[in-house]
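>>> one predicted model, sequence on top.
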Amino acid sequence: MEDARHPKFSGPVNITVGQGKISGVDILRMLGDALSMPGLFGGNPGFTSFTRLEVQAEGNPQGLQVNHAGVASQDFSVEGRGIIDWEQRIKIQGEFLFPQNITQKIIQRFPLAKVAKKEKGISLPFVVNGTTQDPSLQMDTRSLGSQIQQKVNQAIEKMLQGDEKDMQELLNDGRDLLRKFLRP
């Protein structure tokens, strides 16, 4: 007899949904809270609107191994991977990508977040822990620290190569970051 708490499920799971809503999960509120910027995205509707949702997973004895999960909306896009075990505990990690308007607000609040800026906007790593009923979203500071270290290494390499224009640009960027950081 199959244990209801540990279903015998295996095999691939592929879900693709066009425009819709995830009721009971307000990713924008969770993001604002995780960034210590409540209201960053406006009101808190108690749901997440999306333009596209994709999940590619595999059922196995431990749970649902999420190989790729992607959500796109007008305010962000997210990609993640991890596991949801049969006890409904979550361990997902990934990256949020924010458009330029949100990127500027985040950088104003956290000048060092500039290191996570990419061509299309800022990319911030995250982790989700907890349960399916009570998920907890947090910024992945370890991964962000690695991004900062990589940028510092690139800057040092440019300085050692001696390009005067690059060195002056780096000094100006550093001065601007310090001013923003030390500003009351």
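The structure has been received and is ready for your questions.

>>> check which helix or strand S146 maps to.
Using DSSP states H and E, S146 sits in helix 141-161.

>>> and the strands in the protein?
11-17, 20-23, 47-50, 52-60, 63-72, 77-85, 89-98, 122-131, 135-139 (DSSP state E).

>>> may I have the third one as CSV, with CA atoms only?
It stands for strand 47-50. Provided in CSV are the C-alpha atoms of strand 47-50 (Å, rounded to 0.1, in the frame of the first residue of the first chain):
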residue,chain,number,x,y,z
PHE,A,47,-1.1,37.2,-5.6
THR,A,48,1.5,37.2,-8.3
SER,A,49,0.6,38.1,-11.9
PHE,A,50,2.7,36.7,-14.6
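
>>> ok, and what's touching that strand?
The contact list for strand 47-50 (CB atoms under 8 Å, 6 or more residues apart in numbering) reads 17, 19-28, 71-74. Where C-beta positions appear, they are placed from N, C-alpha and C, glycine not excepted.

>>> selection in PyMOL covering whichever of the residues you listed are buried, please.
Entered in PyMOL, the line below selects the buried ones among those, by 16 or more other CB atoms under 10 Å:
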select buried, resi 26+27+28+71+72+73
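
>>> out of the contacts of strand 47-50, which is nearest to L40?
Among the contacts of strand 47-50, L28 lies closest to L40 (CB to CB), at 7.7 Å.

>>> quick check: closest non-adjacent residue to the closest one.
F41 (3.9 Å; CB to CB, 6 or more residues apart in numbering).

>>> same check, this time on T131
In space, T131 is closest to Q88, 5.1 Å off (CB to CB, 6+ apart).

>>> what's the neighbour count on that neighbour?
Using other CB atoms under 10 Å, Q88 has 14 neighbouring residues.

>>> list the contacts of it.
T131, T132, Q133.

>>> start to end distance for stretch 25-39?
Stretch 25-39 has an end-to-end distance of 16 Å (CA to CA, to the nearest Å).
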